[in-house]
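Colleague: A predicted structure for the sequence below; I have some questions about it.
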Amino acid sequence: QLRLVESGGGLVQPGGSLRLSCVMSGHTSDYYATAWFRQAPGKGREGVACISSSTDTTDYERSVRGRFTISRDRAKNTVFLQLNNLNAEDTGIYYCAADYYPGDGCYSDNAARYSYWGQGTQVTVSS
């Protein structure tokens with residue numbers, strides 16, 4: 001069993017930045033691809049970014065490209081999501097997700113591809 005715990009959310013003004021963390025514990029492996037999803041109030045869950053297990057290949061949802069960066073620290077079993085130049089449309093609960101996918105691919109837009117989920121961390125962008 002893999003456990004994911006997110007942190008780093010909060011209230012930030014438009015144009016501000018946050019760094020989200022997703023710490024993995026339990027049956028960790030170098031073969032887990034990891035993704036970040038978010039859910040805004042009254043909307044469905046949408047993919048934000050993902051990182052592959054073997055080569056750290058990344059993919060991003062169009063609206064966050066150039067503003068968000070996903071990265072991994074293998075020694076700490078942690079995946080990060082750096083959020084820059086935030087706007088009100090970025091408000092929502094951000095979830096970390098992972099599943100066993102060896103290789104250089106990941107799925108940034110398909111929540112059904114991931115079996116393991118964290119509890120989420122709230123990001124609110126408001127002036």
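Modeller: Thanks, I have it. Model, not experiment: these values are computed from the prediction. Numbering: from 1, shown residues only.
Colleague: Give me the residue at the spatial middle of the chain.
Modeller: residue 36 (2.2 Å; CA atoms, centre = their mean).
Colleague: how near is that residue to residue 121?
Modeller: 10 Å (CB to CB, to the nearest Å). Using the backbone N, CA and C atoms, a C-beta is placed for each residue, glycine as well.
Colleague: got any residues that touch both of the two?
Modeller: 20, 94 (CB atoms under 8 Å, 6 or more residues apart in numbering).
Colleague: Count the neighbours of the residue lying closest to residue 93 once chain neighbours are set aside for me.
Modeller: The spatial neighbour of residue 93 that comes closest, neighbours along the chain excluded (CB to CB, 6 or more residues apart in numbering), is residue 120 at 4.2 Å. For residue 120, the tally of surrounding residues (other CB atoms under 10 Å) stands at 18.
Colleague: same check, this time on residue 69
Modeller: Neighbours around residue 69, by other CB under 10 Å: 17.
Colleague: Please report the distance of the residue located most distally from the centre of the chain from residue 20.
Modeller: Using CA atoms, centre = their mean, the residue of the chain lying farthest from its centre is residue 127. It sits 23.9 Å away. As defined by CB to CB, residue 127 lies at a distance of 21 Å from residue 20.
Colleague: Tell me which stretches of the chain form strands.
Modeller: Ranges of strands within the chain are 2-7, 10-12, 18-26, 32-39, 45-51, 58-60, 68-73, 78-83, 92-100, 116-117, 121-125, based on DSSP state E.
Colleague: I am finished for the moment; much appreciated.
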